[in-house]
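Asks: my questions concern the predicted model and sequence given below.
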Amino acid sequence: MLGLTLRDLRRHEESIFQLSQVAAAQPANADAHLALGLVYQQVGNRSLARKNFERYLELAPQSPEAPKIRQLLGRP
């Protein structure tokens, strides 16, 4: 995903734009929501990070990353 490459390059605004496009076109794409949550977390937008992490957990509750995301959200 281009959005991940942009995130790695610290081009956060472009990354958010690209990942948002993916999430809008593919609302069930858990990876897009996880990536968006991580980028929003990096830029300090806790509200949108939480929203995307919550959606990620709805879509992929048994994923290998789910325990880490639950911990970030303060969940057991």
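Replies: Received the coordinates, thanks. Residues are numbered from 1 along each chain as shown.
Asks: going forward, measure contacts and count neighbours with C-alpha atoms only.
Replies: Fine.
Asks: can you get me a residue count around the residue nearest to R46 when sequence neighbours are not counted?
Replies: Leaving aside its chain neighbours, R46 sits nearest to Y40 (6.8 Å; criterion: C-alpha to C-alpha, 6 or more residues apart in numbering). Neighbours of Y40 under the rule other C-alpha atoms under 10 Å: 22.
Asks: do a quick rundown of the strands in the protein.
Replies: Along the chain, no segments are classed as strands by DSSP state E.
Asks: show me where pLDDT drops low in it?
Replies: For the chain, applying pLDDT under 70 flags the ranges 1-9, 11.
Asks: do a quick rundown of the helices in it.
Replies: Taking DSSP state H as the test, the helices found in the chain are 2-8, 12-25, 30-42, 46-59, 66-72.
Asks: which of the ones you listed is buried the deepest?
Replies: The highest average neighbour count among the helices of the chain, using mean count of other C-alpha atoms under 10 Å, belongs to helix 30-42 at a mean of 23.
Asks: got the CA positions of it in PDB?
Replies: Output of helix 30-42 as PDB, limited to C-alpha atoms (Å, rounded to 0.1, in the frame of the first residue of the first chain):
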ATOM      1  CA  ALA A  30      -8.600  -4.100   8.500                       C
ATOM      2  CA  ASP A  31      -5.100  -3.300   7.500                       C
ATOM      3  CA  ALA A  32      -6.000   0.100   6.200                       C
ATOM      4  CA  HIS A  33      -7.700   1.000   9.500                       C
ATOM      5  CA  LEU A  34      -4.700  -0.300  11.500                       C
ATOM      6  CA  ALA A  35      -2.300   1.800   9.300                       C
ATOM      7  CA  LEU A  36      -4.500   4.900   9.700                       C
ATOM      8  CA  GLY A  37      -4.600   4.400  13.400                       C
ATOM      9  CA  LEU A  38      -0.800   4.200  13.500                       C
ATOM     10  CA  VAL A  39      -0.300   7.300  11.400                       C
ATOM     11  CA  TYR A  40      -2.900   9.300  13.400                       C
ATOM     12  CA  GLN A  41      -1.100   8.200  16.600                       C
ATOM     13  CA  GLN A  42       2.200   9.300  15.100                       C
END
